[in-house]
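Visitor: Have a look at this prediction, sequence included:
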2 protein chains.
Amino acid sequence: MQQLKTSADLRVHNQARLLRAVHDADEPLTRAAAARLLGIGRNTAAALVGELEAARLLHEVGAESTGRGRPTTLLLAHPEGPVVLAADVREDSWTLARIELGGQLTELESGEHDRTPAVFDEIRRATLRHSDDRLASLGIAVAGPVRGGRRLHISHLGWDEVDLDEHIGAGWAPTVVDNDARLAGLAEARRGALRGTGTALHFHIDFDIGGTLLLAGDAQRGAHNIAGEFGHMPLTGSGLRCMCGVKGCWSLDVGTNALVRRFGTEPGHAAGRELGRQVLARAEAGEAEAGRAVDDNAAALGRGLGALANALDPEAITLSGLGVELVRLRRGLIEEACADGLMEFRRARPPRILAATVGDLGPLRGAAEIAFDAILNPEWLRERL
Amino acid sequence: MQQLKTSADLRVHNQARLLRAVHDADEPLTRAAAARLLGIGRNTAAALVGELEAARLLHEVGAESTGRGRPTTLLLAHPEGPVVLAADVREDSWTLARIELGGQLTELESGEHDRTPAVFDEIRRATLRHSDDRLASLGIAVAGPVRGGRRLHISHLGWDEVDLDEHIGAGWAPTVVDNDARLAGLAEARRGALRGTGTALHFHIDFDIGGTLLLAGDAQRGAHNIAGEFGHMPLTGSGLRCMCGVKGCWSLDVGTNALVRRFGTEPGHAAGRELGRQVLARAEAGEAEAGRAVDDNAAALGRGLGALANALDPEAITLSGLGVELVRLRRGLIEEACADGLMEFRRARPPRILAATVGDLGPLRGAAEIAFDAILNPEWLRERL
DNA sequence: TCATTTTGTTCTCGGCGAGAACCTAATAGC
DNA sequence: GCTATTAGGTTCTCGCCGAGAACAAAATGA
């Protein structure tokens, strides 16, 4: 239950709502519009914004008038206000970006890495290079489950129980780390195709499938922060053993590894991803064997989506990574297989299956969202004001 | 986001918190304890309780002293305060009960029915018999998915798109209807073995498997209120076709239908449930064929639980219905099969698998909870005060 | 009997948002 | 170009809320 008891709490609560509205808005919000949105009076809005401006959290600038009536002001990120850094750590490369309140993103640096946890030291150094007194929080997306927000597991890199606290260390801006697929889903829910949905699913299809359940714009984490390994459910009857230690995982039939297996490639390597892209291109060009590989991938994807829809009843499902191409090339096949997996009475209203719109920036944008979540709350705000 | 803006909202918000605390408490809460629990002053607590007493929502009675200090008062349900009725509609029988604030339950009536939706008219009449001006809300648990909170589907009864509004009708105390397995899970999360868990799963195993994902004490509903059909995911590789229209459902290998199939019984009939109980008894007595049937059931159950734990990362999993017996007789087998389905790095901390403690009253208690949820909120309270 | 402990009660105080009244700055129509 | 209209900013009062302090009351225990 929300801890909100006194009238002083009310003020900071409404200020947090206001900041959140500014951050979430598609385009700059005016003060008058914000007042209407929050259902508060113009006088109250003026007082709230005034304090936020004094705290260097918002900056008011005159808005050009759009019609009759006295012109209002735009609520923008304060030029000296908090910013967050977001990092996306992929299996052989990384990117660091800076994000303003409101979501404006600037890529700062990127690089390759040696597939060892030393990459986190590299990111720490890069962060220090771009660190200033405006830096309020740091969000990191990693390509594997992060147990308890701290211990990272990536089986195909041989990272087992990598303790992130050892690499990121203390004496640092508040840092939050999470799984890339979950963060991509969060980005989609906050700023992409899943905006406004109550219940939705997102899957990032790369070597295998990671995903997240999204409820009212929030990615679900589970009891130990390791929810979302939908790819490791036996949804398609595969008899193979997966690298995760389980037999029959969905991921064995969907994703890059599945796509290239029949062409004799080892799973989990960057070369595999390249080959996967080639197979898609050859399928699109009409090559039969590649086409069958893509068909199988799409059908297995759809079959799993149907099963998950029975259990979780999503309004929409977004797909990123390889999923974008699969939707583009084989939408019909995916939807058909999904319908086959749906209980009869659900087939009249299947979940919408959509390509993710935030795209490759998903993990980075999601990392920025969780970094801002650490700021845009009453507790942080109370300190800052 | 919670709609709470003015200081007047604050009062009713805190009163709702107080009522919720009283309703959720294991044993009667004292006024002083409630103040500590909510983090409010004794003076404020006195004012809140005073208004709630005036509104006939709470009743204060002197508490006998437990040690030093001035004795305080107990906060009890008001003798003229709101009550709810809860009905549990099973496939051939029904029960109606009356529940006070705080959870005290009195069974009122029960009966058989003819397996047609006419049972709802019977329940309506029974409700009218027990209806008085204290009746504030009615909760109904039904043995099938309720799309949009209104349209009921029970394939093995041949109920398809049964419009509950036609049977329950208007001019009635606010009525909420939901799926029995979900409500049993909710009861478990609010008053049973899942109390206090953040992420948990509950499964009710009867003819097949229904369940719910529980997050912070709330059962998830999905986009169309039909989440929770975990039994209709292909988790165990069955090749059979299910009555739901899908091939390979988990429910084909777990539950009463699976248990009795090898003994030649048709699925979905009450006689089947009786036979299921007999098979369990024979297995417990050491009969080999029955024992193998129970073994297979338990193994398939565990295998599915492991898969779902990968995706949803529950802290604990409770089982009701047949699941209680399966846990009692085959805990080891279930846990072993679950571990086999868990990704390697999860096996050190598997989800706890527990028998439900609310028991057969689960759907009824869950129905009471959603009925009280319609009351214990600021909106209803504002009207009432 | 009296100190101690816990809670109830009363009163003051600062703070919050609503709402009304008024002011200001733009446009649209003539 | 003048003026009515419109929308938003500004200022002030008001009712309400919960905190906190001071005190009263009711129990225990030495």
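Guide: Structure's in. What do you need?
Visitor: any idea where the strands of the stretch 51-200 of chain A begin and end?
Guide: A:58-62, A:73-77, A:83-89, A:93-100, A:105-112, A:135-142, A:146-147, A:151-154, A:159-163, A:175-179, A:199-205 (DSSP state E, counting those that start in this stretch).
Visitor: Of these, give the one that comes closest to DNA strand C.
Guide: strand A:58-62 (7.4 Å; C-beta to the nearest atom of the strand). No exception for glycine: its C-beta is placed from N, CA and C like everyone else's.
Visitor: Work out for me the element residue A:381 sits within.
Guide: helix A:378-384 (DSSP states H and E).
Visitor: Now tell me what touches that helix from outside.
Guide: A:4, A:9, A:12-13, A:15-16, A:19, A:55, A:57, A:374 (C-beta atoms under 8 Å, 6 or more residues apart in numbering or on different chains).
Visitor: how many degrees apart are the top helix by length along chain A and strand A:199-205 in direction?
Guide: Using DSSP state H to define each element, chain A has its longest helix at helix A:288-312. Between helix A:288-312 and strand A:199-205, the angle comes out at 150 degrees (axes from the mean of the first three to the mean of the last three C-alpha atoms, to 10 degrees).
Visitor: And helix A:288-312, what's buried?
Guide: Going by neighbour count (16 or more other C-beta atoms under 10 Å in any protein chain shown), the buried part of helix A:288-312 is A:290-291, A:293-294, A:296-312.
Visitor: Direction included, what does the following helix or strand past that helix pair against?
Guide: Counting by DSSP H and E, the next helix or strand C-terminal to helix A:288-312 is strand A:316-321. With DSSP bridges as the test, strand A:316-321 is paired with strand A:199-205 (parallel), strand A:352-355 (parallel).
Visitor: Excluding its own residues, what touches the shortest one? List them.
Guide: The contact list for strand A:352-355 (C-beta under 8 Å, 6+ apart) reads A:193, A:305, A:315-320, A:323-324, A:327-328, A:331, A:334-335, A:338.
Visitor: returning to what we had before: okay, the contacts of helix A:378-384 in TSV with neighbour count, distance to residue B:205 and pLDDT next?
Guide: As requested, the contacts of helix A:378-384 are exported to TSV (neighbours: other C-beta atoms under 10 Å in any protein chain shown; distance: C-beta to C-beta, whole Å; pLDDT from 0 to 100):
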residue	neighbour count	distance to residue B:205	pLDDT
A:4	18	41	85
A:9	16	45	91
A:12	20	47	94
A:13	22	44	95
A:15	24	49	95
A:16	19	44	95
A:19	25	47	96
A:55	15	55	94
A:57	25	52	96
A:374	18	41	94
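Visitor: So which of those are in helices?
Guide: For these, secondary structure assignment (DSSP H) places A:9, A:12-13, A:15-16, A:19 in helices.
Visitor: Relative to residue B:29, which of those residues is nearest.
Guide: Set against residue B:29, the nearest of those by C-beta to C-beta is residue A:9 (23.0 Å).
Visitor: ok, of the strands of the stretch 51-200 of chain A, where does mean pLDDT dip lowest?
Guide: Out of the strands of the stretch 51-200 of chain A, strand A:159-163 stands lowest, with a mean of 80 (criterion: mean pLDDT).
Visitor: tell me what it is packed against?
Guide: Secondary-structure packing of strand A:159-163 (3 or more C-beta pairs under 8 Å, 6 or more residues apart in numbering or on different chains; DSSP states H and E): strand A:151-154.
Visitor: Sheet-wise, list the partners of the strand it packs on with their directions.
Guide: Checking strand A:151-154 against DSSP bridges gives partners strand A:146-147 (antiparallel), strand A:159-163 (antiparallel).
Visitor: Now for the residue in the stretch 151-300 of chain A positioned nearest to chain B: which residues touch it?
Guide: Closest approach between the stretch 151-300 of chain A and chain B, counting by C-beta to the nearest C-beta: residue A:222, at 2.6 Å. Each residue near residue A:222 by C-beta under 8 Å, 6+ apart is listed here: A:228, B:199, B:312-314.
Visitor: Name the SS class of it, please.
Guide: coil (DSSP: H, G, I helix; E, B strand; the rest coil).
Visitor: From DNA strand D, how far off is it?
Guide: Here the criterion is C-beta to the nearest atom of the strand, to the nearest Å. By it, residue A:222 lies 34 Å from DNA strand D.
Visitor: again with residue A:28
Guide: 13 Å.
Visitor: Just confirm that residue contacts residue A:104, I think it does.
Guide: No: applying C-beta atoms under 8 Å as the test, residue A:28 and residue A:104 come out as separate, 10.7 Å apart.
Visitor: The contacts of strand A:352-355: which two are farthest apart?
Guide: The widest separation within the contacts of strand A:352-355 (C-beta to C-beta) is 21.7 Å, between A:315 and A:328.
Visitor: Those two: which is more packed in?
Guide: Between residue A:315 and residue A:328, counted using other C-beta atoms under 10 Å in any protein chain shown, residue A:315 has the larger neighbour count: 19 against 11.
Visitor: burial of the residue in the stretch 1-150 of chain A that chain B sits nearest to, as a residue count?
Guide: Closest residue of the stretch 1-150 of chain A to chain B, C-beta to the nearest C-beta: residue A:7 (5.1 Å). Other residues near residue A:7 number 10, with proximity taken as other C-beta under 10 Å.
Visitor: now do residue A:220
Guide: Neighbour count of residue A:220, defined by other C-beta under 10 Å: 18.
Visitor: pretty sure residue A:95 contacts residue A:107?
Guide: Yes: with contact defined as C-beta under 8 Å, residue A:95 reaches residue A:107; the gap is 6.4 Å.
Visitor: Neighbour count for those two, which is higher?
Guide: Using other C-beta under 10 Å as the criterion, residue A:95 and residue A:107 rank with residue A:95 on top: 21 against 12.
Visitor: who's that one bridged to?
Guide: Taking DSSP bridges as the rule, residue A:95 bridges to residue A:88, residue A:110.
Visitor: re earlier: including distance to residue A:66, could the contacts of residue A:222 go into a markdown table?
Guide: As requested, these are exported to a markdown table (distance: C-beta to C-beta, whole Å):
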| residue | distance to residue A:66 |
| --- | --- |
| A:228 | 43 |
| B:199 | 46 |
| B:312 | 47 |
| B:313 | 48 |
| B:314 | 51 |
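Visitor: Among these, which one sits closest to residue A:145?
Guide: Nearest to residue A:145 among those, with distances taken as C-beta to C-beta, is residue A:228, at 7.4 Å.
Visitor: Quick check: pLDDT value at the closest one.
Guide: Model confidence at residue A:228, expressed as pLDDT, equals 96.
Visitor: Where does it sit: helix, strand or coil?
Guide: Classification of residue A:228 using three-state DSSP returns coil.
Visitor: Write out the residues of the stretch 101-250 of chain A neighbouring chain B.
Guide: A:145, A:147, A:153, A:155, A:160-161, A:197-200, A:213, A:215, A:220-230, A:232-237, A:244-248 (C-beta under 8 Å from any C-beta of the partner chain).
Visitor: Show me chain A divided up by domain.
Guide: Listed domain ranges for chain A are A:7-77, A:83-183+A:363-384, A:194-357 (source: automatic domain parsing).
Visitor: I'd like to know which helix or strand in chain A has the lowest mean pLDDT.
Guide: Lowest on mean pLDDT, DSSP states H and E among the helices and strands of chain A sits helix A:164-168, with a mean of 78.
Visitor: so what does that helix touch, helix or strand wise?
Guide: By 3+ C-beta pairs under 8 Å, 6+ apart, helix A:164-168 packs against helix A:119-129, strand A:175-179.
Visitor: Export the ones you listed to TSV and append columns for mean neighbour count and distance to residue A:187.
Guide: Shown next, in TSV, are the helices and strands packed on helix A:164-168 (neighbours: other C-beta atoms under 10 Å in any protein chain shown; distance: least, C-beta to C-beta, whole Å):
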stretch	mean neighbour count	distance to residue A:187
helix A:119-129	17	19
strand A:175-179	24	12
